[in-house]
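Chemist: Quick check, what structure comes out for this input:
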Amino acid sequence: MLTVSVKWQKEVFKAVEIDTSQPPYVFKCHLCDLTGVPPERQKIMVKGGLLKDDADWSTVGVKQGQKLMMMGTADEVVKAPEKGPVFMEDLPEEEQVVSLGHSAGLFNLGNTCYMNSTVQCLHSVPELKSALVKYSHSGRSNDLDQTSHMLTVATRDLFNELDRSVKPVAPMQFWMVLRKKYPQFGQLHNGVFMQQDAEECWTQLLYTLSQSLRSPGSSENADTVKDLFGIELASRIHCQESGEESSETESVYSLKCHISQEVNHLHEGLKHGLKSELEKASPALGRSAIYLKESRINGLPRYLTIQFVRFFWKRESNQKAKILRKVDYTLELDVYDLCSDELRKQLEGPRQILRDEEGKKLGLKANEKSSGSKDDDVKMTDAEGSSNASAESSVTTSQEGVHSDKGTRLTGIYDLVAVLTHKGRSADSGHYVAWVKQENGKWIEFDDDNPIHQREEDIVKLSGGGALPQLRIIII
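Modeler: Numbering: from 1, shown residues only. Here you go, the predicted structure:
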């Protein structure tokens with residue numbers, strides 16, 4: 001064992017031991033502990049040149065008490081973090097929500113999964129939340145009844161609580177006001193609250209919000225719900241027997257996907273839903289007659305709501321029955337061919353711009369001539385109908401559904417953002433679940449108080465059939 005001194009930069013390390021039974025690399029590791037210079041960077045001057053890692057100490061000629069010179073740059077000293085690790089549970093609850101990437105679940109208060117699923121789907125619409133935030137306790141107009149005002153306030157407060165909370169929320173106040181406004185949701189059977197239809201809850205809640213968030217005296221929020229969800233339909237009503245024909249326009253908040261043996265895809269069901277037969281008095285015939293009503297979309301909203309008509313009244317059993325048939329759908333829907341000629345003309349320009357943008361991504365040249373023909377639009381539907389939508393395009397196409405006077409592009413192409421399903425064979429039983437796309441593009445299954453992460457490719461498997469969950473409502 002030898003003892004030497006080592007000079008490095010302006011420092012001198014005295015009485016540094018060398019174990020001559022070990023290779024010089026071990027000595028260099030010891031110097032690394034003293035100086036912070038890694039062995040591979042050390043240059044130690046000895047007789048005959050530089051000290052090598054595998055040299056033989058007997059030939060190096062190092063003597064007891066000798067002074068060695070070392071050159072080399074030390075590694076940067078890793079500083080201790082100014083703040084220690086912060087665990088998720090130690091963060092403020094608002095920051096925990098951001099870290100999780102999704103809002104809280106809702107406790108089932110006794111067959112209230114229909115209500116919880118409805119709330120979670122509507123909660124996914126940021127523009128609706130913004131409108132509710134602006135609604136004050138004293139904001140009730142003279143023509144709005146007290147219970148509608150209370151339900152709007154309860155909805156606003158529940159949405160705020162969902163955004164702030166990590167733990168599941170008990171929607172007790174909202175449920176109490178909902179039952180007060182619409183007593184059918186308070187029906188009891190053997191002392192237990194009955195299961196209700198989510199579509200009915202959706203319709204009634206949306207109607208209430210359409211009344212309360214309308215501000216006739218203000219340009220702001222003039223008709224928030226209609227702008228977000230309202231669909232304008234232009235209909236032709238024709239009686240083949242008498243030749244009578246008339247037209248009418250109406251505003252609805254959802255399209256119906258009628259399910260029959262011929263319907264295998266959502267688009268087919270929507271076409272069926274825009275045709276119906278009416279029996280009414282015919283002035284020409286002086287009696288009742290059958291009229292055919294054919295409708296076209298004449299105005300598109302920002303968010304398109306579609307109801308799958310799965311329940312019908314079965315006369316022989318005197319109760320609601322459910323159609324379990326599987327109806328396929330994709331993550332993107334193009335409604336161009338369901339629109340009126342007038343609306344199609346408005347869509348043609350923006351659709352061509354969208355094609356050009358997609359072409360640029362693929363390295364293709366944009367068409368100099370705008371090709372807004374019907375044939376081209378149909379081809380676009382075929383090409384895009386099967387593609388998966390990214391988070392970015394979801395935000396974009398949800399805005400493209402707004403009327404052109406809002407200054408945003410209108411294309412008629414929508415991306416899926418929320419799904420509400422029902423599992424079971426009866427409308428008065430079974431279980432409702434909401435599947436909602438978050439701002440980060442991830443999908444969350446809200447099964448009452450239990451939010452579960454889901455893959456995007458699994459969302460299109462909710463098309464039903466047998467014991468699987470069946471679609472009831474989707475928002476795109």
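
Chemist: ranges for the helices of the protein?
Modeler: Here the chain has its helices, by DSSP state H, at 24-35, 57-60, 93-100, 113-123, 126-133, 146-164, 172-181, 198-212, 224-229, 266-273, 341-361, 374-384, 391-400, 456-459.

Chemist: pLDDT of the second one, averaged?
Modeler: Pointing back at helix 57-60 there. In this model, helix 57-60 has a mean pLDDT of 85.

Chemist: What residues sit buried inside that helix?
Modeler: 57, 60 (16 or more other C-beta atoms under 10 Å). Yep, even glycine has a C-beta here, placed from its N, CA and C like the rest.

Chemist: I would like the residues contacting that helix, please.
Modeler: With C-beta atoms under 8 Å, 6 or more residues apart in numbering as the test, helix 57-60 has contacts from 18, 20, 24, 46-48, 51.

Chemist: Now with 10 Å, please.
Modeler: Residues outside helix 57-60 that contact it (C-beta atoms under 10 Å, 6 or more residues apart in numbering): 2, 18-24, 27, 44, 46-48, 51-52.

Chemist: Could you do the first one as well?
Modeler: Helix 24-35 is contacted by residues 2, 4, 6, 8-9, 11, 13, 16-20, 22, 37-42, 44, 46, 51-57, 60, 62, 68, 70, 72-75 when judged by C-beta under 10 Å, 6+ apart.

Chemist: Return the distance of it from the chain's centre.
Modeler: 57 Å (C-alpha atoms, centre = their mean, to the nearest Å).

Chemist: about what we covered before: highest neighbour count among the contacts of helix 57-60?
Modeler: Phe27 (26 neighbours; other C-beta atoms under 10 Å).

Chemist: Next, the distance between the ends of stretch 260-277.
Modeler: Stretch 260-277 has an end-to-end distance of 16 Å (C-alpha to C-alpha, to the nearest Å).

Chemist: Okay, buried residues for that stretch please.
Modeler: Applying a neighbour-count criterion of 16+ other C-beta under 10 Å, one finds 263, 265-270, 272-274 buried in stretch 260-277.

Chemist: now these in a markdown table, with distance to Leu106 and pLDDT?
Modeler: Output for these, formatted as a markdown table (distance: C-beta to C-beta, whole Å; pLDDT from 0 to 100):
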| residue | distance to Leu106 | pLDDT |
| --- | --- | --- |
| Val263 | 32 | 85 |
| His265 | 32 | 89 |
| Leu266 | 28 | 90 |
| His267 | 32 | 89 |
| Glu268 | 34 | 91 |
| Gly269 | 30 | 90 |
| Leu270 | 30 | 93 |
| His272 | 34 | 89 |
| Gly273 | 30 | 90 |
| Leu274 | 34 | 93 |
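
Chemist: Closest one of those residues to Pro183?
Modeler: Among the buried residues of stretch 260-277, Gly273 lies closest to Pro183 (C-beta to C-beta), at 29.7 Å.

Chemist: From Met172, how far off is the nearest residue to the closest one once chain neighbours are set aside?
Modeler: Closest residue to Gly273 apart from its sequence neighbours, by C-beta to C-beta, 6 or more residues apart in numbering: Lys256 at 3.7 Å. Applying C-beta to C-beta, to the nearest Å, the value for Lys256 to Met172 is 33 Å.

Chemist: Over to His272?
Modeler: With C-beta to C-beta as the criterion, His272 and Met172 are 41 Å apart.
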